[in-house]
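Trainee: model this:
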Amino acid sequence: MLCRNSPLPPLFGLTVRLGSISLLFYLFTSIFPISLASSLERSPTSSQELSPTLLTISQKFLCDRQASSQSSQDTNLISPPLSTVESNDPWAPLKITVSPEPNIGPIPHWALPPHIDKESSSVEIPIPPLAEQTDIENFAITINFMDMGDGGPLIEKQSKNEAFPTLLYSGLGINGPALGMNSRTITIPNDLAMDGGKIIVRHVGRFEQLNSITLRPGRTAMVSVLSENNAPAIIDHSTIIEQDLAEGALPILKKGDATHGRVTTASLSPSIEELDGSIEFTFDISSKPAATLFKTDILGLDLEAHIDVELNGKSVGPLNISLFELDAPELLDETKKNDSSPQLQIAGWRSAYIYISQDYWREKENHLLLIVKPSGNAQTSKIHLKNSSLEILHTASLKL
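Mentor: Numbering: from 1, shown residues only. Predicted coordinates for the structure are as follows:
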């Protein structure tokens, strides 16, 4: 394959003199080296024709890799593999693993190769211009990281016209207790994505806390929002991410009570709490509700474990945890070497709930108990809860 920065051979074509025909063929191949190289690059044994777009990107990618390997001897710089995903998947993600072993997955045809730089504790991810895309209308990035209560990684942006990066989002984690493996999905601003540039994920001094980064293409869709309080910005299968969170804001803990029609939402805990084996909520009600939902957000629960719910000493059942996809970027493979049993974990907060009928309630004091039921193996990480609340349906006056 010929790269644009490679010296041309003295004669690319015929090796015998054929008078004017040889001269014309030499001139033609000197003027159009890339076109001929593209034709020669097609595999004679392949039954599929490579698309011109994918072939052009592959050429540029390989040339960049050749130039990079010749000019850079920095062992802190991790280069991507020489591979691309199938051209018939326009929505394939670009996944970058930072720890425990740095690795860059297959490069989708829409993406450019990223770089992992241990020395600067950063990962640079080029953002291709939306103006050059056909179906892609926006980008979102998911970052999985060990949230140790130190604020988490920050994100910088740099457009093609800027000499230096500027801060886009400050720490994505919390300032408080160590939580465990967290996950944040945020949008790439259109002013950067339209003309292209790069995103830098940086975690100075704590680079090993970064687990993985996934850049995904998206499309814009008109949606009808049937709630005055919701402003969805990202829809990822069954997961909806609100606009403030998608723009890098920290999650706000829900406090206080609110009533909408016949439904009262009562906060049970205004803070993040560790679920160490079990946790109990105690509260008073003036009369039995018609029906109730207990709702909470949970982080760190093993996929094979569950949480049992008891109310006033009676078993209600297991807590229902929100659905996830098996190709979700938040799904982590923590399988150890030489271990035949896969160990998967979900990073980040997941919503959970359970329906409680009227029969379990009593007037005045009530006790709601959550009990962790691990699988055959012990729970591998700490479990935390936040935004624990009761959603109560009532027909008469009810005070909590």
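Trainee: for the stretch 51-200 of the chain, which spans come out with low pLDDT?
Mentor: 51-88 (pLDDT under 70).
Trainee: Do a quick rundown of the strands in it.
Mentor: Using DSSP state E, counting those that start in this stretch, the strands of the stretch 51-200 of the chain run over residues 77-78, 94-97, 103-104, 115-117, 122-127, 138-147, 154-159, 166-169, 180-187, 197-202.
Trainee: As a markdown table, the ones you listed with distance to Thr264 and mean neighbour count would be great.
Mentor: Quick note: C-beta positions are derived from backbone N, CA and C, even for glycine. As requested, the strands of the stretch 51-200 of the chain are exported to a markdown table (distance: least, C-beta to C-beta, whole Å; neighbours: other C-beta atoms under 10 Å):
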| stretch | distance to Thr264 | mean neighbour count |
| --- | --- | --- |
| strand 77-78 | 53 | 17 |
| strand 94-97 | 43 | 22 |
| strand 103-104 | 50 | 18 |
| strand 115-117 | 50 | 21 |
| strand 122-127 | 45 | 22 |
| strand 138-147 | 32 | 23 |
| strand 154-159 | 39 | 19 |
| strand 166-169 | 35 | 15 |
| strand 180-187 | 31 | 22 |
| strand 197-202 | 42 | 22 |
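Trainee: Tabulate those (TSV), appending distance to Lys314.
Mentor: Below are these laid out as TSV (distance: least, C-beta to C-beta, whole Å):
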stretch	distance to Lys314
strand 77-78	55
strand 94-97	45
strand 103-104	49
strand 115-117	53
strand 122-127	50
strand 138-147	35
strand 154-159	47
strand 166-169	46
strand 180-187	31
strand 197-202	48
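Trainee: Go through these and name the closest to Ser238.
Mentor: strand 180-187 (13.6 Å; C-beta to C-beta).
Trainee: Contacts for the closest one next, please.
Mentor: 138-147, 152, 155, 169, 172-173, 211, 233-234, 236, 241, 245-248, 299-300, 329-330, 332, 345, 347-349, 381-382, 384 (C-beta atoms under 8 Å, 6 or more residues apart in numbering).
Trainee: rerun that using 6 Å as the cut-off
Mentor: For strand 180-187, contacts defined as C-beta atoms under 6 Å, 6 or more residues apart in numbering pick out 140, 142-144, 146-147, 172-173, 241, 246, 248, 300, 330, 347-348, 381-382.
Trainee: Quick one: the helices in the stretch 151-300 of the chain, in order.
Mentor: Along the stretch 151-300 of the chain, counting by DSSP state H, counting those that start in this stretch, helices occupy 190-193, 243-246.
Trainee: quick revisit: tell me which of the strands of the stretch 51-200 of the chain lies nearest to Leu293.
Mentor: Closest among the strands of the stretch 51-200 of the chain, using C-beta to C-beta: strand 180-187, at 24.8 Å.
Trainee: Tell me the gap between that closest one and the middle of its chain.
Mentor: 7 Å (C-alpha atoms, centre = their mean, to the nearest Å).
Trainee: quick one: the residue most central in space within the chain from Asn320, how far?
Mentor: Nearest to the geometric centre of the chain sits Thr142, at 2.3 Å (C-alpha atoms, centre = their mean). Remark: distance between Thr142 and Asn320 (C-beta to C-beta, to the nearest Å) = 24 Å.
Trainee: returning to what we had before: Throw the helices of the stretch 151-300 of the chain into TSV and include distance to Ser286 and mean neighbour count, thanks.
Mentor: Output for these, formatted as TSV (distance: least, C-beta to C-beta, whole Å; neighbours: other C-beta under 10 Å):
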stretch	distance to Ser286	mean neighbour count
helix 190-193	51	17
helix 243-246	35	16
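Trainee: okay if I get those helices as a markdown table plus distance to Glu363?
Mentor: Compiled in a markdown table, the helices of the stretch 151-300 of the chain are given as follows (distance: least, C-beta to C-beta, whole Å):
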| stretch | distance to Glu363 |
| --- | --- |
| helix 190-193 | 55 |
| helix 243-246 | 39 |
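Trainee: Which one of those lies nearest to Glu274?
Mentor: Closest approach to Glu274 among the helices of the stretch 151-300 of the chain (C-beta to C-beta): helix 243-246, 22.6 Å.
Trainee: Contacts only, for Ile234.
Mentor: For Ile234, counting by C-beta under 6 Å, 6+ apart, the contacting residues are Ala140, Ile241, Ala246.
Trainee: Closest to Phe324 out of those?
Mentor: Ile241 (13.8 Å).
Trainee: now the closest one: how far from Val263?
Mentor: The spacing between Ile241 and Val263, counted by C-beta to C-beta, is 24 Å.
Trainee: mind pulling up the phi and psi values for the closest residue to Glu242 other than its chain neighbours?
Mentor: The shortest distance from Glu242 to any non-neighbouring residue, by C-beta to C-beta, 6 or more residues apart in numbering, is to Ala231 (5.8 Å). Per-residue torsions, Ala231: phi -140, psi 80 (degrees, to the nearest 10).
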